[in-house]
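Asks: got a predicted model here, sequence first, then my questions.
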Amino acid sequence: MKDALQNNRRPVATITGGRPAGRIAYFAGAVALSVGLTVLAPHIPPLAIGLAVAAYLSVLALVLFRTRRRIFTYARWRDVMPCLLSVQDRDLRIIDTNDRFRSSFGNREGEHCYRVYKNSEAPCPECPVLRTFQDGQVHTSEETVLDRAGEIEHVVVTSAPLLDDRGQVSAVVEMSTSITDLKTLQDELEQTHRDYKRLFDQVPCYISVINRDLQLVQSNALYRRDFHANGGSFCYEICKQRKSPCPDCLVRETFNDGLLHTREERLTTHDNRHVDVVVHTVPIRDAGGETTAVVEMFTDITEVKRLQKQLTLMGRAVTGMAHRIKNILMGLEGGIFVVNTGMEEDDKAQVTEGWEMVERNVNRVSTLVKDLLYCSKERIPKFQDGVCPHDILRDVHKLYSKRTAGEAISLRIEVNGPPHRGRFDPEGIHSLLCNLVGNAIDGCRFDPDENKTSHTITLRCLQNERGGTVLEVEDDGVGIPEELSEKVFEDFFSTKGTEGTGVGLLVVQKVAQEHGGNVSFNSSPGKGTVFRVTIPVVAQDLIPTH
Amino acid sequence: MSKKVLVVDDEADVRRFLIAVLNKHGYETVAAEDGTQALEVARQEKPDLVILDLQMPHETGTGFYRKFSRSKDYEATPIIVVSGLAGRDLAVKKPVAVFDKPIDPDEFIAAVRKALGEE
């Protein structure tokens, strides 16, 4: 071991300058001088001998001085190098190190470098030193090492060959520069990037970055989910399904004045949903203060808007309801007054007429209250098996035929196929049909078209090819004006009528939904309206039993 | 000859009530269920007094009033508003009386008499 170490030290001598040939020359010179002096001593004057010895010693001193200086120079360079420096042999044993290395790893000469650096039992798979031994070239790699305190250091390793007289690589010098600080900064930067990305993607609003040409540069996850945008698409195409920029584009305003702008907007998602949002546009500036892009943030306020609208409608509904109740009350008082007058005057016809007024208005109050209860969440649907919708249709037909008796409105029934049975909430379906027929009657009663001498209301119960139940109420009355057709399903929407309660369609919708179905309508202003309730058979099976 | 009163209201039972009260006190009555019809009836029947509801389909009471009061023939015809609407006091410029629904028959008749100058 000791010998091996001595042998291994030999390449170091190549740095210090003591070549074997040189040593032999010094030795031969000294022997020649001694022999020469011994043989020639009696023949040469002592002064010449002294001069010869002095000359030899001078040459020797000069050589020694140069060698010392080279050793000194190497040692000085080695120790001032701002890196961990080691010299390694073919076995990857460390044969020389610098101060900095020793302060980090201790005096580890003679040990394998992988043991020292990594506390490992085998060479690293991509060892730069081994590669230098193979090809004699300089190699660089990034490594992680453990210093003697157990701290992890990230280093850039450069390996360079040390050549012997024959130009063979006799040893490799390995220089490791610490990049731990750089690595820490890089890691922090990456972490910040990840955090930023996560924040960007997880905030509950749509965020996009738009360039000067109004093209999308970047977008967050929510934005991509709802707008299916590709980079390079125009923002007005993505968010508004427009072919040209919006006339009052906030992004452009921010590009122009570099300021923050805000407004309420309505966007259209890729699946044609409308989203009400508050838009904020914020400039992104370069180092020179020039706005290079604009961040557009949309906060979804659809729900707030919906509530706001609901409140407005409810306010209006309460007013409408009060008005309606006042009319009913007046009808009741009128009925009582007519009954009293009839009794005073002993006029039986008047008494009967008055009593009918009372009955009618009591009915209206009870319908109104029932509808209100339907709209509130209090009523739990009572589903029953084996219910025949035809029966309910007939009940409603009978009820309203009586109510419209004497008017030029006829009610008829249409069914396809034999009566079928299923799982329904009979009371709910009854209310649903009453509301649709009530609306239809109002639509006929208030038809201003004098050319129509009579009206027809058709109550249909059909079974579709999938076994679902379709309930239809069609009238040939006034129809729904186009500007109102968007509003008919709004809670509490009502035009004034005598049969409708103003919450009727809400009841229709609620009952339909409870049955897993839906409501639609077609209307031609001046020609009439048909409302259609479709209740799928599959949904009926899923309806829970209460 | 008894005075003629035009009752304009889209609610049949309300109309019937007002007519019953008026008839009981010896007034002749004509009726209309909306503003358009009311203008027509007014032209034919030349009523001495109009009892007007404000909220009706087709032509509102306010709309009817605007057209009615512009015509020279009815300049002197008094109007009594009977309405459940909150703004009933403001809708018609010079009503002789304004009633909220439901009405008190005695107060109503008193107002009718006053409007027709029968007191």
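Replies: Perfect, thanks for sending it.
Asks: so where do the helices sit in chain B?
Replies: Secondary structure of chain B (DSSP state H): helices located at B:12-24, B:35-45, B:61-70, B:88-91, B:105-115.
Asks: wait, isn't A:Leu260 in contact with A:Thr281?
Replies: Yes. If you go by CB atoms under 8 Å, A:Leu260 and A:Thr281 touch, sitting 6.7 Å apart. C-beta: built from backbone N, CA, C; applies to glycine.
Asks: give the residues shared as contacts by those two.
Replies: Contact criterion CB atoms under 8 Å, 6 or more residues apart in numbering or on different chains; residues shared by A:Leu260 and A:Thr281: A:Thr254.
Asks: so those two - more neighbours on which side?
Replies: Shown here are A:Leu260 and A:Thr281; by other CB atoms under 10 Å in any protein chain shown, A:Thr281 has more neighbours (21 against 14).
Asks: I figured the more buried one was touching A:Asn256, is that so?
Replies: No. Between A:Thr281 and A:Asn256 there is no contact under CB under 8 Å: 11.0 Å.
Asks: get me the contact residues on the stretch 251-400 of chain A for chain B.
Replies: A:319, A:322-323, A:326-327, A:329-335, A:337-338, A:341, A:353-354, A:357, A:360-361 (CB under 8 Å from any CB of the partner chain).
Asks: can I get the buried part of these as one ChimeraX selection?
Replies: Selecting only the buried entries of these in ChimeraX, with 16 or more other CB atoms under 10 Å in any protein chain shown as the criterion:
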select /A:323,326,327,329,330,331,332,333,334,335,337,338,341,353,354,357,360,361
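Asks: tally of neighbours for whichever residue of the stretch 401-546 of chain A sits closest to chain B?
Replies: Residue nearest to chain B within the stretch 401-546 of chain A (CB to the nearest CB): A:Phe446, separated by 4.7 Å. A:Phe446 has 19 neighbouring residues, counting by other CB under 10 Å.
Asks: what of the one 10 residues further on?
Replies: Residues near A:Thr456, counting by other CB under 10 Å, number 17.
Asks: how about it, what does it touch?
Replies: Applying CB under 8 Å, 6+ apart, the residues contacting A:Thr456 are A:409-412, A:475-476.
Asks: surely A:Gly231 is within a strand?
Replies: No. Judged by DSSP: H, G, I helix; E, B strand; the rest coil, A:Gly231 forms no part of a strand; its state is coil.
Asks: outline the domain layout of chain A.
Replies: A:1-78, A:203-300, A:301-379, A:382-546 (automatic domain parsing).
Asks: elements contacting whichever strand or helix holds A:Val508?
Replies: Under the criterion of DSSP states H and E, A:Val508 resides in helix A:504-514. Where contact means 3 or more CB pairs under 8 Å, 6 or more residues apart in numbering or on different chains; DSSP states H and E, helix A:504-514 is packed against helix A:348-375, helix A:426-445, strand A:518-524, strand A:528-535.
Asks: quick one, which of these is packed in tightest?
Replies: Mean neighbour count (mean count of other CB atoms under 10 Å in any protein chain shown) peaks for helix A:426-445 among these, with a mean of 24.
Asks: next SSE after it?
Replies: strand A:455-463.
Asks: parallel or antiparallel, which strands does the helix or strand following that following strand pair with?
Replies: Downstream of strand A:455-463, the first helix or strand assigned by DSSP H and E is strand A:469-475. Sheet partners assigned to strand A:469-475 using DSSP bridges are listed as strand A:455-463 (antiparallel), strand A:528-535 (antiparallel).
Asks: surely the residue of the stretch 401-546 of chain A closest to chain B touches A:Val478?
Replies: Yes. With contacts counted by CB under 8 Å, A:Phe446 reaches A:Val478, the gap being 5.8 Å.
Asks: with mean pLDDT added, can I get the strands paired with strand A:469-475 in CSV?
Replies: Shown next, in CSV, are the strands paired with strand A:469-475 (pLDDT from 0 to 100):
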stretch, mean pLDDT
strand A:455-463, 93
strand A:528-535, 93
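Asks: which one of the ones you listed lies closest to A:Asp425?
Replies: strand A:528-535 (10.6 Å; CB to CB).
Asks: dump the residue contacts of B:Asp53.
Replies: B:8-11, B:14, B:61, B:81-83.
Asks: which pLDDT does the model give it?
Replies: Note for B:Asp53: predicted pLDDT of 85.
Asks: which of the domains of chain A is buried the deepest?
Replies: Buried most deeply of the domains of chain A, by mean count of other CB under 10 Å, is domain A:382-546, with a mean of 18.
Asks: for chain A, which residue gets nearest to chain B?
Replies: A:Gly334 (2.5 Å).
Asks: hmm, back to that, looking at the domains of chain A, which has the lowest confidence?
Replies: domain A:1-78 (a mean of 69).
Asks: how much space separates the residue positioned nearest the centre of chain B from A:Ala55?
Replies: For chain B, the residue whose C-alpha lies nearest the mean C-alpha position (CA atoms, centre = their mean) is B:Ile51; its distance is 1.1 Å. B:Ile51 is 151 Å from A:Ala55, where distance means CB to CB, to the nearest Å.
Asks: centre-most residue in chain A?
Replies: Note: chain A centre (CA atoms, centre = their mean) maps to A:Ala221, 2.6 Å.
Asks: just the terminal-to-terminal distance for stretch A:197-210.
Replies: This stretch, stretch A:197-210, spans 17 Å end to end (CA to CA, to the nearest Å).
Asks: burial measure for the nearest residue to A:Glu126 once chain neighbours are set aside, as a count.
Replies: Nearest non-adjacent residue to A:Glu126, counting by CB to CB, 6 or more residues apart in numbering or on different chains: A:Ser141, 6.0 Å away. Neighbour count of A:Ser141, defined by other CB under 10 Å: 16.
Asks: for chain B, give me the ranges with low pLDDT.
Replies: B:56-59, B:85-93 (pLDDT under 70).
Asks: closest residue of it to chain A?
Replies: Per CB to the nearest CB, B:Phe17 is where chain B lies closest to chain A, at 2.5 Å.
Asks: any idea how far A:Leu216 is from A:Cys235?
Replies: 6 Å.
Asks: relative to helix A:348-375, how tilted is the top helix by length along chain A?
Replies: If you go by DSSP H, chain A has its longest helix at helix A:302-344. Between the axes of helix A:302-344 and helix A:348-375, defined by axes from the mean of the first three to the mean of the last three CA atoms, to 10 degrees, the angle is 160 degrees.
Asks: please name the nearest non-neighbouring residue to B:Val98.
Replies: Leaving aside its sequence neighbours, B:Val98 sits nearest to B:Val81 (CB to CB, 6+ apart; 4.6 Å).
Asks: go on, A:Gln384?
Replies: A:Pro426 (6.2 Å).
Asks: isn't that neighbour up against A:Asp395?
Replies: No. A:Pro426 lies out of contact with A:Asp395 (CB under 8 Å); the separation is 9.2 Å.
Asks: shared neighbours of those two, anything?
Replies: Counting by CB under 8 Å, 6+ apart, nothing touches both A:Pro426 and A:Asp395.
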